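J.: mind looking at a prediction? Sequence and model below.
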Amino acid sequence: MGMLLFTSVLALVIWALAFRNELQRRRPQWHWYLIGYPRTALRVVFTWRRVAYLNGLTVSRRPNQRVLGDLAVKGEPLRTQTPRISFPRAIPNGLEMRVRLHAGQTPAPFLASADSFAHAWRVHSVRVVSPERGVVLITATVRDPLEHPEPPGTSESAALLSATVGTLETGRAWAMDFRRVPHWLIVGATQSGKSTLLARLVTELAPQPVALVGIDCKGGMELGLLEMRLSALATCRSEAVTVLAALVGEMQDRMRTCRSAGARSVWELPEKARPVPVVVIVDELAELYLTNGSKEQRAEAEECTTYLLRIAQLGAALGLHLVVAGQRVGSDLGPGVTALRAQLSGRICHRVNDPGTAEMALGDLNKDAVVVAQSIGEAERGVAVTAGDMGGWARGRSHLTTPAEARAAAAEFARMTPRPRFLAHTPGGGTVV
């Protein structure tokens, strides 16, 4: 029986080697597990000792300096010990291994050696994390999964206020879950994929019992395409003030409702008494802040700042959520931008034109994420670094959603557009139902 199994496996490997090009084209996963993984795993195992030594990851039990009389002599240790590594475990599109650190070692040198690992093992990228004390987890990805992400399924976002907007580099779905992360900041240069992401977000939320409110001070050029599914749409700053003021008033009403019911959030209320969730999408934040210096425009900008901050600070428990998007985000836009950024715990950074925007979006969460975001090229449309709901950060690519597809989704689910009373007198608020 054992000889038969060995013969079968050997025959399968020989067949895979003979037809590997065809196998890679038709069945890339089979090609990886049959050919790519064994070859890469053996390369990792046989080069680990040398790679660890060259990157200063080995330790010596003997001190590397001696005292000869009054002279201290320091040199390189001759007999070093390499940290123990587990045999690489195959995962889709890569492999991972655990390293047990010696006493006195920290994960920092391993993090700094990630690029060296990728070159030595001939893989696309290497990520290093420390899931527990004394252990480092190394994950190698053999190819960039964001070059050709899997097409979206027919129904991916089943949970209320959750939208599957793309694919992460791990191969998992990239979801924006407003119940877990209530507010999001999205930055990206022109043609970086920001508008496509917003279109995908509205498309995913359209079938849900959620009120979508748009603020597009570029005359509604972007969000106007989705107006059939929006409960309100502001196309200039004065209209934005009206819409935001109505939302803040509704927020205060919901506070009173929760207080009288003894609830700390709207989600603790009975389902029949629970108000409709609201997602406010602001496209191009700079348009709300930039003024020509007139007293009237400065007053409008200050009102927008105050309203957005109040919604960001108190809206999560009251079913009011923010998605703020812009080409650039910086303190020079206005005095309230930094305070607003601090309240938007979900971050998405596409390709940006200046390092300051990437730093503003991701710098307070993870410095490594800033570097990765700045490396996104012009050809990588839709690729972004996302952080906030995974305990870390990851690269992802949004599913391509054309304006025609987004408009069709808005028209299909227009009948589900809530018309709450508090938006009745706002631009695009429609008739109360």
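T.: Looks like it came in fine. Numbers count the residues shown, from 1 in each chain.
J.: strand partners (parallel or antiparallel) of the helix or strand harbouring Val165?
T.: In the assignment (DSSP states H and E), Val165 maps to strand 162-168. Strand pairing for strand 162-168, using DSSP bridges, gives strand 173-177 (antiparallel), strand 393-398 (antiparallel).
J.: any chance of these in JSON lines, with distance to His425 and mean neighbour count too?
T.: Yep, even glycine has a C-beta here, placed from its N, CA and C like the rest. Formatted as JSON lines, the strands paired with strand 162-168 follow (distance: least, CB to CB, whole Å; neighbours: other CB atoms under 10 Å):
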{"stretch": "strand 173-177", "distance to His425": "30", "mean neighbour count": "22"}
{"stretch": "strand 393-398", "distance to His425": "35", "mean neighbour count": "23"}
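J.: nearest to Ala112, of the ones you listed?
T.: Among the strands paired with strand 162-168, the nearest to Ala112 by CB to CB is strand 393-398 (17.5 Å).
J.: report the distance from the closest one to the chain centre.
T.: 5 Å (CA atoms, centre = their mean, to the nearest Å).
J.: quick check: mean pLDDT across the helix or strand just after that strand?
T.: Using DSSP H and E, the helix or strand that directly follows strand 393-398 along the chain is helix 403-412. Per-residue pLDDT over helix 403-412 has a mean of 93.
J.: with stretch 257-266 instead?
T.: Mean predicted confidence for stretch 257-266 is 94.
J.: list the buried residues for it?
T.: Judged by neighbour count (16 or more other CB atoms under 10 Å), stretch 257-266 contains these buried residues: Thr257, Cys258, Ala263, Val266.
J.: and for stretch 89-96?
T.: Asn93, Gly94, Leu95, Glu96.
J.: nearest to Arg84, of the residues you listed?
T.: Nearest member of the buried residues of stretch 89-96 to Arg84, counting by CB to CB, is Glu96, at 15.3 Å.
J.: picking up where we left off before, extract the C-alpha set from the strand holding Val165 and format it as PDB.
T.: Extracted in PDB, the C-alpha atoms of strand 162-168 (Å, rounded to 0.1, in the frame of the first residue of the first chain):
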ATOM      1  CA  SER A 162     -21.100  45.800   5.800                       C
ATOM      2  CA  ALA A 163     -19.900  46.200   2.200                       C
ATOM      3  CA  THR A 164     -17.400  44.000   0.400                       C
ATOM      4  CA  VAL A 165     -15.500  46.500  -1.700                       C
ATOM      5  CA  GLY A 166     -12.600  44.400  -3.000                       C
ATOM      6  CA  THR A 167      -9.900  41.800  -2.400                       C
ATOM      7  CA  LEU A 168      -7.000  41.900   0.100                       C
END
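J.: can you give the distance of that strand from its chain's centre?
T.: 9 Å.
J.: how about stretch 278-287?
T.: In terms of CA atoms, centre = their mean, the centre of stretch 278-287 is set 18 Å apart from its chain centre.
J.: measure that stretch end to end?
T.: In stretch 278-287, first residue to last residue: 22 Å (CA to CA, to the nearest Å).
J.: now swap in stretch 99-117 and tell me
T.: Termini of stretch 99-117 sit 13 Å apart (CA to CA).
J.: next, the buried residues of it.
T.: Of all the residues in stretch 99-117, those buried under the rule 16+ other CB under 10 Å are Val99, Leu101, His102, Gln105, Pro107, Phe110, Ser113, Ala114, Phe117.
J.: now swap in stretch 46-64 and tell me
T.: Buried residues in stretch 46-64 (16+ other CB under 10 Å): Trp48, Val51, Ala52, Asn55, Leu57, Thr58, Val59.
J.: number of nearby residues for Thr417?
T.: 19 (other CB atoms under 10 Å).
J.: that should have said Arg39, apologies.
T.: 11.
J.: now it: which helix or strand?
T.: helix 37-54.
J.: in contact with Gln343, which residues are there?
T.: Counting by CB atoms under 8 Å, 6 or more residues apart in numbering, Gln343 touches His183, Leu309, Ala312, Gln313.
J.: now Glu222
T.: Ser195, Leu198, Asp216, Asp283.
J.: got the CA positions of the helix or strand hosting the second one in CSV?
T.: Following DSSP H and E, one finds Leu198 within helix 194-205. Backbone C-alpha positions of helix 194-205 (Å, rounded to 0.1, in the frame of the first residue of the first chain) are rendered in CSV as follows:
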residue,chain,number,x,y,z
LYS,A,194,-11.0,56.5,-5.1
SER,A,195,-14.2,57.2,-7.0
THR,A,196,-14.4,53.5,-8.1
LEU,A,197,-14.2,52.5,-4.4
LEU,A,198,-17.0,54.9,-3.5
ALA,A,199,-19.2,53.6,-6.4
ARG,A,200,-18.6,50.1,-5.2
LEU,A,201,-19.5,51.0,-1.6
VAL,A,202,-22.8,52.5,-2.7
THR,A,203,-23.5,49.5,-4.9
GLU,A,204,-23.0,47.2,-2.0
LEU,A,205,-25.1,49.2,0.5
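J.: tell me what the helix or strand following that helix is packed against?
T.: Per DSSP H and E, the first helix or strand lying C-terminal to helix 194-205 is strand 211-216. The elements that strand 211-216 packs onto, with contact taken as 3 or more CB pairs under 8 Å, 6 or more residues apart in numbering; DSSP states H and E, are strand 232-234, helix 237-261, strand 278-283.
J.: which residues in this structure form helices?
T.: Per DSSP state H, the chain carries helices over the ranges 2-18, 20-26, 28-31, 37-54, 108-112, 114-121, 194-205, 237-261, 286-289, 295-314, 337-343, 355-362, 367-374, 403-412.
J.: any chance of CSV for those helices, columns distance to Val279?
T.: Below are the helices of the chain laid out as CSV (distance: least, CB to CB, whole Å):
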stretch, distance to Val279
helix 2-18, 49
helix 20-26, 42
helix 28-31, 36
helix 37-54, 42
helix 108-112, 36
helix 114-121, 37
helix 194-205, 6
helix 237-261, 11
helix 286-289, 17
helix 295-314, 11
helix 337-343, 15
helix 355-362, 20
helix 367-374, 24
helix 403-412, 14
